[in-house]
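> Structure for this input, please:
(chains A and B)
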Amino acid sequence: MLRLDDLSKSYGKTRALSGLNFEVEPGQMFGFVGPNGAGKTTAMRIVIGVLAPDSGSVWWRDSEIDSASRRRIGYMPEERGLYPKMRVSEQLAYLAELHGRSASDATEQTKRWTERLGIADRRDDKVEDLSLGNQQRVQLAAALVHEPDLLILDEPFSGLDPTGVDVLSEVLIAESREREVPVVFSSHQLDLVERLCDAVAIVKDGSLVASGDVEELRRERSGRRWRIELEGDGGWTPSLPGVRRAGDDVYELDDGTDPQALLDEARARGAVKSFTPDSPTLADLFRDVVAEDS
Amino acid sequence: MTGRRAIFLTARRELRERARSRAFIASTVVQVVIVLAIVIVSSLTSGDTESFEVGTVGSGPAGVAEAAEAQQAAFDVELELTAFDDEEEARAAVSDDEVDAVITEDAVLTRPGVSDTLTALVQQASRVVTGSESLSSEGLSDEEIRTALEPKPLEVDEVGEESGGGVAFVSSILLYVAIIGSGYAVATGVVEEKSTRVVEVILSAIKPVHLLAGKVIGIGLLSLGQLLVIVFAGLAAAIPTGALDLPDSTLPTAVLIAVYFVLGYLFYACAFAVTGAVVSRQEDVQSSSGPLTLVLIVAYLVAISAADSPESTLAVAATLIPPLAPMIVPARAAQDALPLGELALSLVLMALATALLLWIAGRVYDRTVLRMGAPMKLRDALRLARRS
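Down below sits the predicted model:
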């Protein structure tokens, strides 16, 4: 289990993290989302140890994280980092060895991951000679090649074509399901996060605004949104207090507002074809919680 | 993983990647070619026994050509004699460059500037022949004549010749090129890792000081290897061709070159690593390492003047100033102008300065290498190093 405990970090006068907390369970696919500048990258850099927090701590398997356990993390930085002039296979083997693998292990895992990620025929090429998509695959292989206990990936999907997204999704799911490796990744592609993740943390301005099981979060928020289809014109604005339109035919109710009162108003306008609770997507949740606090 | 393994892995990477790079191979080849060219040119212009083709006309003055041949070893030349039928033919052969000189009845024919040694040899031979003829007519025995005309030559004791100035000059330039080249490679290597952000991936696995140590050691070993290849290529070509009469101080000088390369390289590599760590983009390295390059150039200029006057106050002072010492000490040693006491003091000061710089550079690097953005002022970087 990975736990971020009350992490704070400032760059000069800018506060990047203020008391961030969350936990990731073994084998969990964990989405880390939030608007630009929310502190996701800062938090990840603190976890892998290239940045020191001003206060707070990171815990891994019941003890504070140290350099030995950090060496067991597979990390993919947001701004990709590889030696441009080094050959793919040598680069991957080098990184595997730096993470404590033996030379023969490193060679074997390099072979395995280049095959798995579809870059086996580019092994002897220099990284700079590959397309951006393939460079991204090498970067991912670099995070996986030492068989990490934990994966921390900053925007791993950005810049991938749909095939690349599928390959990466499969790999990450396999790592979390089969090897019980917790996978923490940040992304702005919320539909993807919703599809892949068991749990999410939504951050804003350096602190957590919502976290937990995606389904639970959606359920918590359902009952607040209702979809009403009327015969004829659907574009009406309810006069009932505590209700606002949240999209075509979708209305969001403040806490304490009775959905039946909304139904009554709708029926007064015309024949109601359907009246159903609308469970929000992650994107809806995201918009809600990010807007709520500001 | 131990720090030693991390250093080994990063040093091995530097060695492998750089040894294979076109830039490294090209610079090695170019330097070897330059050194070989120097050796070959000097072997053509000096050292070897000169050989001349000399013609004789008719009988010539009896015995002159033979006397000249007998003395050729003393003049360090080789003669090859050709007989001509008449003077007309011989004259044409000289002006057509078929022979270097012709000995006639009463003259030596040669072209302007052929060789003073050759004419001196012929004059000497003629003196011996005519002298012995007249002495013989006076009734002296052959033995007496030989004693009178061919006295035991004076022994030549070469005092101060082959001053080692050439070796001093070459050692200064080799050290300058090696230190500035490898130092700059450290600076650009540090920035390459920063600008490509690969440093973040590496430092998620190992400590900054291990990455720096591996880089400095890897590049240093490669440069030392390159230096040795160049020096041995030069020596291998020089010894059989006899191009250089190497002075006795050559071997100690070679050892000092190696010692001061290691110290000087470590000293400057640390400083160059800092100039790399404080910037984030390749194009900023040049300006951040500018002052350091200037120090190196000054050291080089002082070294050249020390090669001219190795006992001047300037040379002595520079020996004791660590950034300047690496290029000056071998230059002075090559000329036997370095008292042992000064060498010892220089070594101590250099080692202390290098140790101090290693410590500072390790700390500055540790605190700046992950920092991105505008170049940092050196003062601010040093302030970071003071913080615990």
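> So A:S211 versus chain B, what's the distance?
24 Å (C-beta to the nearest C-beta, to the nearest Å). In short, each C-beta sits where N, CA and C put it, glycine included.
> Next, name the residue at the spatial heart of chain A.
A:G31 (2.6 Å; C-alpha atoms, centre = their mean).
> quick one, strands of the chain?
All of this refers to chain A. A:2-11, A:14-24, A:29-33, A:55-60, A:63-64, A:73-76, A:150-154, A:183-186, A:199-204, A:207-213, A:225-230, A:243-247, A:250-253, A:272-277 (DSSP state E).
> I was thinking of chain B, sorry if that wasn't clear
B:50-57, B:77-84, B:101-103, B:108-110.
> Show the pLDDT at B:S249.
B:S249 carries a pLDDT value of 63.
> where does chain A have low pLDDT?
Low-confidence segments of chain A, defined by pLDDT under 70: A:223, A:233-235, A:292-294.
> Contact residues of it facing chain B?
Residues of chain A that fall close to chain B, judged by C-beta under 8 Å from any C-beta of the partner chain: A:45, A:48-51, A:67, A:70-71, A:73, A:75, A:77, A:79-86, A:90, A:94-95, A:97-100, A:142.
> Residue nearest the middle of chain B, spatially speaking?
Central residue of chain B (C-alpha atoms, centre = their mean): B:V170, at 2.3 Å.
> Tell me who's in contact with that one.
Listed by C-beta atoms under 8 Å, 6 or more residues apart in numbering or on different chains, the contact set of B:V170 reads B:I38, B:G234.
> same question, A:K126
Neighbour list for A:K126: A:P84, A:K85, A:M86, A:R87, A:V88 [criterion: C-beta under 8 Å, 6+ apart].
> quick one: the helices in the stretch 151-294 of chain A?
A:162-178, A:190-196, A:214-221, A:259-269, A:282-293 (DSSP state H, counting those that start in this stretch).
> Outside of the second one itself, which residues are in contact with it?
Under the criterion C-beta under 8 Å, 6+ apart, residues A:29, A:31, A:33, A:157, A:165, A:169, A:172-173, A:187, A:200, A:214, A:281-283, A:286 lie in contact with helix A:190-196.
> where are the low-confidence patches of chain B?
Within chain B, the stretches with pLDDT under 70 are B:1, B:42-49, B:58-62, B:150-167, B:241-251, B:387-388.
> Can you tell me which residues in it are near chain A?
For chain B, the residues in contact with chain A (C-beta under 8 Å from any C-beta) are B:1, B:6, B:9-10, B:13, B:16-17, B:21, B:192-193, B:196-207, B:370.
> Now for the closest residue to chain B within the stretch 151-294 of chain A: which residues touch it?
Here the residue of the stretch 151-294 of chain A nearest chain B is A:I152; by C-beta to the nearest C-beta that distance is 8.6 Å. Shown in contact with A:I152 (C-beta under 8 Å, 6+ apart): A:M44, A:V47, A:I48, A:I73, A:G74, A:Y75, A:M76, A:V184, A:F185.
> Isn't A:A199 up against A:S211?
Yes - the criterion here is C-beta atoms under 8 Å, and A:A199 meets it with A:S211 at 7.1 Å.
> neighbour-wise, which of those two wins?
Neighbours per residue (other C-beta atoms under 10 Å in any protein chain shown) separate A:A199 from A:S211, with A:A199 holding more: 21 against 17.
> for that one, what are its contacts?
Applying C-beta under 8 Å, 6+ apart, the residues contacting A:A199 are A:V24, A:E25, A:Q28, A:M29, A:F30, A:G31, A:S211, A:G212, A:D213, A:V214.
> Mind checking which of those are buried?
When those are checked for burial by 16 or more other C-beta atoms under 10 Å in any protein chain shown, the buried set is A:V24, A:Q28, A:M29, A:F30, A:G31, A:S211, A:V214.
> ok, of the residues you listed, which one's closest to chain B?
Nearest to chain B, judged by C-beta to the nearest C-beta, of those is A:V24 at 17.4 Å.
> hang on, the closest one packs against A:E180?
No - counting by C-beta under 8 Å, A:V24 sits too far from A:E180 to count as a contact (11.9 Å).
> and the closest residue to chain B within the stretch 1-150 of chain A, how far is that from A:I152?
Per C-beta to the nearest C-beta, A:G81 is where the stretch 1-150 of chain A lies closest to chain B, at 3.6 Å. From A:G81 over to A:I152 the distance is 14 Å, taken as C-beta to C-beta, to the nearest Å.
> Now do B:G290: how many residues are near it, please.
For B:G290, the neighbour count with other C-beta under 10 Å is 11.
> quick one: contacts for the nearest residue to A:Q109 once chain neighbours are set aside?
Residue nearest to A:Q109 in three dimensions, not counting chain neighbours: A:V145, with 4.9 Å by C-beta to C-beta, 6 or more residues apart in numbering or on different chains. By C-beta under 8 Å, 6+ apart, A:V145 lies in contact with A:L92, A:A93, A:L95, A:A96, A:H99, A:R101, A:A106, A:Q109, A:T110, A:W113.
> Sounds good, over and out.
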